[in-house]
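Peer 1: quick one, fold the following:
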Amino acid sequence: MKKKPNLKKIKTKSKNYQIDQSGKIEQTSINTIIALSNNIRYAVLLPKKTKRALQEIFRNEGRPRMFIYDTFCALITIVLINTKPNKKVVIDREYKNEDLIKARILEFIKVFNMKPVLNFSLVGKSSRAHLLAAKVANKKVKPNVVVKLEDISSILWPAKKTGYSGINRTEGNLTQDWLPGGRKPSRSFNKHILSRKNKKVKKNKNGRRR
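Peer 2: A predicted model of the protein is given here:
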């Protein structure tokens, strides 16, 4: 049996951790890789099929513009909770609205009792994070994690008694900024799917399933 790749310690002169992306979120015909590197290296892969499923969920929820931002932030959150960096994390400038991205990551990750120091800068092609992401994309290196739909859904829509995600606790007016018309945030993935199925069953089958 092949062993799963572990966190590999490497020598580096950089004082900060760097995060880079290969395969943009909006490019749903290819996989997306988010890689972190410093004295350790770690990479997650989001399959293109899962990206398309997520995109459809955001469309159904009336939040298509947040598909890119939320998915990007959720993937970074998965990387951070698995690596627990103890230094500043520099994220490559992939998208605009960096304040929103930072706030979103911190919102996702605070339930794990973490508050990483995040910054944004251009991560060069010679950086270890960029090289790792490229190697995973080219199948020269295996990712530490292949992110499943249920994995990223647990970050995006954490199950709560209210049925809504932790976005409700966001300070200020970020919720209104993120969601069109100040609408309530999405329910958890499971509730979202089940509620739609149940409505169709009751309407078409009088509450009976075949």
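Peer 1: pull the helix or strand with minimum mean pLDDT from the protein.
Peer 2: helix 174-178 (a mean of 34; mean pLDDT, DSSP states H and E).
Peer 1: in the protein, which spans are strands?
Peer 2: For the chain, the strands defined by DSSP state E occupy 8-9, 17-22, 32-37, 40-46, 89-92, 118-121, 145-146.
Peer 1: which one of the ones you listed has the most crowded surroundings?
Peer 2: strand 32-37 (a mean of 27; mean count of other Cβ atoms under 10 Å). Yep, even glycine has a C-beta here, placed from its N, CA and C like the rest.
Peer 1: now do that one: everything it contacts.
Peer 2: Here strand 32-37 makes contact (Cβ atoms under 8 Å, 6 or more residues apart in numbering) with 10, 12, 17-25, 41-46, 48, 51, 71-72, 75-76, 78-80, 83, 85, 89, 127-133, 136-137, 143.
Peer 1: what's the answer for stretch 129-145, then?
Peer 2: Residues from elsewhere that reach stretch 129-145 (Cβ under 8 Å, 6+ apart): 4-7, 18-23, 31, 33-37, 41-45, 78, 82, 92, 123-125, 151.
Peer 1: hmm, try it at 6 Å
Peer 2: 5, 18-20, 22, 33, 35, 37, 41-45, 123 (Cβ atoms under 6 Å, 6 or more residues apart in numbering).
Peer 1: thought Phe72 was touching Ile25?
Peer 2: Yes - when contacts are counted by Cβ atoms under 6 Å, Phe72 is listed as touching Ile25 (5.3 Å).
Peer 1: show me where this protein has its helices.
Peer 2: Along the chain, the segments classed as helices by DSSP state H run 48-60, 66-83, 98-109, 128-137, 149-156, 174-178, 189-205.
Peer 1: just checking, what packs against the fifth one?
Peer 2: The contact analysis (3 or more Cβ pairs under 6 Å, 6 or more residues apart in numbering; DSSP states H and E) places helix 149-156 against helix 66-83.
Peer 1: please point out which parts of the helix it packs on sit buried.
Peer 2: 66-81, 83 (16 or more other Cβ atoms under 10 Å).
Peer 1: over to stretch 123-142?
Peer 2: For stretch 123-142, by 16+ other Cβ under 10 Å, it's 123, 127-137, 141.
Peer 1: out of those residues, who's nearest Val111?
Peer 2: Within these, the smallest distance to Val111 is 25.3 Å, found for Ala129 (Cβ to Cβ).
Peer 1: which strand residues bridge Ser121?
Peer 2: Using DSSP bridges, the bridge partners assigned to Ser121 are Asp92.
Peer 1: where does pLDDT dip in the protein?
Peer 2: 1-14, 160-210 (pLDDT under 70).
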